[in-house]
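Asks: What shape does this take:
(2 chains)
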Amino acid sequence: MHNSDTMERELLVKVEGVSKKFAKDLKRSLLYGLGDVFNSVFKTGKEVNLRKDEFWAVQDLSFELRRGECIGLIGHNGAGKSTLLKMLNGLITPDKGKIEMHGRVGALIELGAGFNPILTGRENIYNNAAVLGFSKKEILEKFDEIVAFAEIGEYLDMPVQNYSSGMRVRLGFAVAAQMKPDILLVDEVLAVGDMGFVLKCFHQMDKLLENTAIILVSHSIPQVARMATKLLMLEKGKVEFHSGNVSKGLTEYYKRYKLEIPNYKGSELAELKSWKIDSLEKSYVKGDEIVIQYNEDMIIHFTIDCFDVLLDPSFYIAIYDNEQRNIAEICNFKKKLIIDSVSGSFVISVIIQNLNLNQGKYSITVALNSVQNNINTLIFRYQSAIYFTVHGDNHGWAPFQLDANWTLNS
Amino acid sequence: MEVKTYTSSKDYRLGELLKNGLKGYKDGLYLSRLFVSRGFKAKYKTSYVGFIWEIVPSLTTAIVWIFLRASGAVETTDVNIPFPLFVIIGTTMWSLITESINKPMGAFLEYSSIISKINIPKEALLLIGFFNVLINHGIKLLLVLILLFYYQIPPSISLLYFIPIVVLTVLFFMSIGVFLLPLEYMLSDIGRLKNYGLMGLMYLTPVVYANPGKGFVSTIMSLNPIAFIIDGLRNSLTGLPIGSSSFFFGMSVVTVLLFLGATVLYRITIPIIIQRIGA
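Replies: The predicted model follows:
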């Protein structure tokens, strides 16, 4: 999107063949630590292979980052993202390989570290800014800006321990946002804070990106998709995907994202026995990895077992995205199909034409209603009954990617 | 533009490490001053008598010994200054030594949540410790000064040696504390042994009584280098000769070497320890 003109800009981060190992056992880890101190001080040249109970938290990782680029680090918990950030930040040293960081490094990692709870917000601004590497002069210059950005106004002279967690994050981000770093490390900090403030933070990061190399760790894929110009996917410390093709990388990530928790529970009256999905490419049943191409038709056949007669039945379908947002519904059953009653086993099919969802992972919730004693009653509801992935060429931010036509009239 | 290179902790060049360490003291100065002043502010925000509490520990030890001697339960060698003054200076100076040894570990633990997440000049923690030791003992010295005035001991030329010996002592023992830091962090046994060792060592040093002049304890006391330091500090306050100048010259040389060694070791050990603190 915005990386075509940055190819020539200066290289700020260079990571070459970096590995880091950790020990699983605490006592052993501490003893190894003593050994490491000894080996380092006396340069015994002991090799760096794994000792007992050790594993590679990060293994043979390389990448480069230029000014104006943002690399998104994604991967499951424990993939090595935070370990990598700590190495980039110089907190821990790699066991193998080399990291070069050019220029001032800023980190939005632990907002408000260095806050002393019983001191006031005002006093803590000085503390926090000094921790982040501001000089006294810089702090004095930027104090008003920090206070304005944080929007904590009247609470500035209240002890920080009485702040809400959101206010603390505001204050922490406000201080950090005043840095003019060459390299910025961001780790999941924008998860807290209210909507307005998160947007403000994004705006601030957008501004920074023009002149900064950003390394962004997040589990929120829309956030990554929004910011990243490059993607690095880690799994168990190893690089699984590394490319400027963010859209392809995200598809890869969704494929691996196996967390599927269907909620299957019928009632005494009826249950969903099985389902089948037809798309242009192939048919899928339960247990398959379902991949639908963008803008294709999707046909779902539900096989239902009724244990009693159901009067005036109607189906409802909801589509949820990866973050459990309800993004689409199908509630036009009764307008299309009138059934007086059903009983026994039957199949109901629904055709969704031109499925123009953004690429990503989605789930389908299906519910059946019927009139019981003159009242429209819920018979069953299967939450996240079916998971499917939409593949597409382009990755947008919005859940719907409309397939519109354009014309030029002159 | 500044370039930082991170490689395995084994791939360092001694000169570079030392240079970075010394630069760390300079870069961390503002941060440490701020933290020391905020720390005191925070500490006394919840207290009415504030710094009085600093005096209490060495005062109680002193009172116990004054009482023991006055009651005749314990006989100690006569000293050439009033005994209460002898004991209070002794316990104050002893706490200067123990606090200096404990400070590198203490400051590290106190700020571990920051240092494991944010890349601050690590030496700032040592500076915070250094300033804290000096300020705490500045407060304790108030009591000593009151007693000096009470016993009408006039200030003399030896007082000039007091500050340099204090700084030398703090540097010497903090450097030792830095050497103990990795051992103490990785093996808590070491920390406990250290505390008991220091308690025992106090009785082999003229802190609460002077060199008895004969016997086993006397032999050790006359060889114990810390005895020279305590005597030197006490004598410089009370206007007596500070003792062997060659001892203090030798100690200065050793302290400089220890300090440089500690600076290098600190740079190597901190990342290794931080990786074991985790998130």
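
Asks: Where does pLDDT dip in chain A?
Replies: Low-confidence segments of chain A, defined by pLDDT under 70: A:1-8, A:46-48, A:112-114, A:189-193, A:257-266, A:395.

Asks: per-domain residue ranges of it.
Replies: A:11-104+A:180-256, A:270-391 (automatic domain parsing).

Asks: which stretch among these comes nearest B:Phe259?
Replies: B:Phe259 lies closest to domain A:11-104+A:180-256 among these, at 16.2 Å (CB to CB). Where you see a C-beta, it was placed from the backbone N, CA and C, and this is true even at glycine.

Asks: what about the closest one, start to end distance?
Replies: Terminal residues of domain A:11-104+A:180-256 lie 31 Å apart, using CA to CA, to the nearest Å.

Asks: where does the stretch 151-279 of chain B have low pLDDT?
Replies: For the stretch 151-279 of chain B (pLDDT under 70), the answer is B:278-279.

Asks: Which residue ranges of it form helices?
Replies: Applying DSSP state H, counting those that start in this stretch to the stretch 151-279 of chain B gives helices spanning B:159-186, B:188-202, B:216-223, B:225-238, B:245-277.

Asks: out of those, which comes closest to A:Lys335?
Replies: Among the helices of the stretch 151-279 of chain B, helix B:245-277 sits nearest to A:Lys335 (CB to CB), with 61.9 Å.

Asks: Show me the helices in chain A, by range?
Replies: A:26-42, A:81-88, A:121-131, A:136-150, A:165-177, A:195-209, A:221-227, A:246-256, A:333-336 (DSSP state H).

Asks: could I get those as CSV with mean neighbour count and distance to A:Gln359?
Replies: Shown next, in CSV, are the helices of chain A (neighbours: other CB atoms under 10 Å in any protein chain shown; distance: least, CB to CB, whole Å):
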stretch, mean neighbour count, distance to A:Gln359
helix A:26-42, 17, 41
helix A:81-88, 24, 22
helix A:121-131, 24, 40
helix A:136-150, 16, 35
helix A:165-177, 22, 30
helix A:195-209, 15, 21
helix A:221-227, 20, 9
helix A:246-256, 19, 6
helix A:333-336, 12, 28
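
Asks: Which of the ones you listed sits closest to A:Leu65?
Replies: Judging those by CB to CB, what sits closest to A:Leu65 is helix A:81-88, at 9.8 Å.

Asks: near chain B, anything from the closest one?
Replies: Yes: contact of helix A:81-88 with chain B (CB under 8 Å from any CB of the partner chain) involves A:82, A:86-87.

Asks: Show which residues not belonging to that helix make contact with it.
Replies: Residues outside helix A:81-88 that contact it (CB atoms under 8 Å, 6 or more residues apart in numbering or on different chains) are A:13, A:15, A:18, A:20, A:22, A:57-58, A:61, A:73-75, A:92-94, A:99, A:101, A:105, A:107, A:109, A:183, A:185, A:187, A:215, A:217, A:234, A:237, B:6, B:274-275, B:279.

Asks: distance between that helix and the chain's centre?
Replies: 17 Å (CA atoms, centre = their mean, to the nearest Å).

Asks: Okay, angle between that helix and helix B:245-277 too, please.
Replies: Angle of helix A:81-88 versus helix B:245-277, following axes from the mean of the first three to the mean of the last three CA atoms, to 10 degrees, is 150 degrees.

Asks: how about the CA coordinates for helix A:81-88, as CSV?
Replies: Below are the C-alpha coordinates for helix A:81-88, written out as CSV (Å, rounded to 0.1, in the frame of the first residue of the first chain):
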residue,chain,number,x,y,z
LYS,A,81,7.3,-12.4,19.6
SER,A,82,7.9,-10.8,23.0
THR,A,83,11.3,-12.4,23.3
LEU,A,84,12.3,-10.9,20.0
LEU,A,85,11.1,-7.5,21.1
LYS,A,86,13.1,-7.7,24.3
MET,A,87,16.2,-8.5,22.2
LEU,A,88,15.5,-5.6,19.8
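
Asks: burial measure for the residue in the stretch 151-300 of chain A positioned nearest to chain B, as a count.
Replies: The stretch 151-300 of chain A approaches chain B most closely through A:Asp182 (7.0 Å), counting by CB to the nearest CB. A:Asp182 has 20 neighbours, counted by other CB atoms under 10 Å in any protein chain shown.

Asks: correct me, but it touches B:Met1?
Replies: Yes: using CB atoms under 8 Å, A:Asp182 is in contact with B:Met1, at 7.0 Å.

Asks: so what sits against both of the two?
Replies: A:102-103.

Asks: My guess is A:Ile339 contacts A:Val309. True?
Replies: No: with contacts counted by CB under 8 Å, A:Ile339 stays clear of A:Val309, the gap being 11.6 Å.
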